[in-house]
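Chemist: sequence and predicted structure are below.
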Amino acid sequence: MKRVLAAVLALAVVAGGTLTGCGEKEKTGKKDEKMSAAFICANLGDKSFNDIAWEGFKKAETELGMDIKVVEYGAEKSKMEPALVDVAEKYDIVAFEGGEFTEILEKHYEEFPDTKFVGFDIDPTYQVKMPNYFAINYMQNQGDYLAGALAAKMSQTGVIGFVGGAEVVVINDFLLGYVEGAQHADANVKVATAYIGDFVNSPKAKELTQVQMTQGADVLHQVAGAAGLGLFEACAEKTGIWAIGVDADQREYFAESNQKVADVILTSMLKRNDIAIFNILKETAVGKAQYGTLKRWGVKEGVTVIVKNDFYRQNVPQETQAYIDELEGQIAAGEITMDTAYGMQQEQFISIRESVKP
């Protein structure tokens, strides 16, 4: 029965006709000598989380000789399950983001015992029971602790901003780190917070950013995927404003296409999907990856850190740079800890968020 369901779901992918692939071969994966890996995501081109993850796959193609493919299911969540089943039939390793895919995998993993699955941004309390599943939790609250501390140090008004995509636990985890890092730098700091409601509505992100500017925010951080461009545009239209990006070095992404936007992005809080993905693909290829487990990676592993490029070094005072470096070392050593939204009661989270409201 499970095989019949898998076949039906795979046919649904073909019938839908909207999933796109890069580097697809006529028959890729299990029958080839080279190991193969597929990445399932909503879309590439976000200049953020998905794009940086795909860089890890491309590195595996170049350095490990893997066959790789990306499957983009778009905005229709109904395509997530057939996409997973389809690529699991053809590829040795299948990677994806989030708990929704994990729930789908729980229904199908036994159908594909020879396929390895990698999930990232997984709830740290998740108990892995699937022997062919490697779960990764990024401690983004650690990296955003550094971003918040930097924002508070760079602010001239004592008010900083945070624009998130959806009000979900992973975004709130960013926010908690951001708030607590800012308070470490300035006990009296205020943090304006807003949520777009999705990760694609750039005009709304711009509008919310402009509202926060009227509240005095002069350093603003976006954690909103592709929608974050709206925050950058708003910051670029006003003097004396800094922006902080997310997931990838977003200044680098815009340096050639939109210099005005690039020049307001002081730094970005990285979630080094590229490093994490490449490492797990490499370890899988040599048989060293510990499937059936969940790993938590953060500042210590160099996965959730802020960008310290030439632009950062030119625009952040040396004293502040030294302060951020010290904080980073303390977090890596376990000397500084911070709250996490995972497992936190909503009432407690709201209380923390409201306590720093301008």
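Modeler: Looks like it came in fine.
Chemist: the strands in this structure, which residues?
Modeler: With DSSP state E as the criterion, the chain has strands at 20-21, 36-41, 67-72, 93-97, 116-120, 133-138, 159-164, 190-195, 219-223, 242-247, 265-271, 293-297, 304-306.
Chemist: closest one to Val87 among those?
Modeler: Closest to Val87 of the strands of the chain, according to CB to CB: strand 36-41, at 4.1 Å. For the C-beta atoms, the positions are set from N, CA and C on the backbone; glycine is no exception.
Chemist: which strands and helices sit next to the closest one?
Modeler: For strand 36-41, the elements it packs on are helix 49-64, strand 67-72, helix 80-90, strand 93-97, judged by 3 or more CB pairs under 8 Å, 6 or more residues apart in numbering; DSSP states H and E.
Chemist: most tightly packed of the ones you listed?
Modeler: A comparison of the helices and strands packed on strand 36-41 by mean neighbour count, using mean count of other CB atoms under 10 Å, puts strand 93-97 on top with a mean of 27.
Chemist: could you find the closest non-adjacent residue to the most centrally placed residue in the chain?
Modeler: By CA atoms, centre = their mean, the chain has its centre lying nearest to Phe49, at 4.4 Å. Spatial nearest neighbour of Phe49, excluding adjacent residues (CB to CB, 6 or more residues apart in numbering): Asp247 at 4.4 Å.
Chemist: and that neighbour, bridged to which residues?
Modeler: Leu270 (DSSP bridges).
Chemist: how about Val219?
Modeler: According to DSSP bridges, the residues that bridge with Val219 are Ile160, Trp242.
Chemist: okay, now the unreliable bits of the protein?
Modeler: Applying pLDDT under 70 to the chain flags the ranges 1-33.
Chemist: how does it divide into domains?
Modeler: For the chain, automatic domain parsing gives the domain ranges 2-139+273-297, 140-270+308-339.
Chemist: in TSV, list those along with distance to Gln348.
Modeler: Below are the domains of the chain laid out as TSV (distance: least, CB to CB, whole Å):
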stretch	distance to Gln348
domain 2-139+273-297	16
domain 140-270+308-339	8
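Chemist: so the residue nearest to the centre of the chain sits against Gly225, correct?
Modeler: Yes: if you go by CB atoms under 8 Å, Phe49 and Gly225 touch, sitting 6.3 Å apart.
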